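K.L.:
Sequence plus predicted model, see below.
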Amino acid sequence: MRLTINGQHHDIDASADMPLLWVLRDLVGLTGTKFGCGAALCGACTVHIDGVATRSCVLPASAVVGKQITTIEAIGGTPLGKKIQDAWVAEDVPQCGYCQSGQIMSATALLKTTPKPSNAEIDSAMNGNICRCGTYSRIRKAIHRAAEG
């Protein structure tokens, strides 16, 4: 399979049903995308597929052939991703940090489609991204900060 990850082509030797998460982490060496639940419920594995926030732990790699895959390793290279990462730092969002790559990927997808989201729109877009440390209010503040700046 040939996958386009962060703008680079990768020829992958894996079964068609191997989850994209394991392709990214184990075969390509991009470990910023995290394994959390393995059932697409926690959001730690969120990446962008053609710009849409998508859970990679249950997505077969064969389903993304011919699509653009963006991971946390590349999101800061975009103006919007950089703005969100800067807002995350300014609002001191992470505690343990484990969920943050998925949170940032979901927030970036939100602001791409909704540049000035309301609290309700943020809550809806971020629903399913679980933070065991409970930094939800700081996540919301950081999203508002990125939307303003």
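P.N.:
That came through, no problem.
K.L.:
Just the pLDDT at the residue nearest the centre of the chain, thanks.
P.N.:
In the chain, the residue lying closest to the centroid (CA atoms, centre = their mean) is M105, at 2.8 Å. Here, the pLDDT recorded for M105 equals 98.
K.L.:
quick check: domain ranges of this structure?
P.N.:
Per automatic domain parsing, the structural domains of the chain span 2-74, 76-148.
K.L.:
and T78, how many neighbours does it have?
P.N.:
Neighbour count for T78, taken as other CB atoms under 10 Å: 14. Quick note: C-beta positions are derived from backbone N, CA and C, even for glycine.
K.L.:
C37 too?
P.N.:
For C37, the count of nearby residues is 14 (other CB under 10 Å).
K.L.:
Likewise for D50?
P.N.:
Neighbours of D50 using other CB under 10 Å come to 11.
K.L.:
Low-confidence ranges, the chain, go.
P.N.:
Counting by pLDDT under 70, the chain shows no low-confidence range.
K.L.:
which residues in it form strands?
P.N.:
2-5, 8-11, 46-49, 52-55, 68-70 (DSSP state E).
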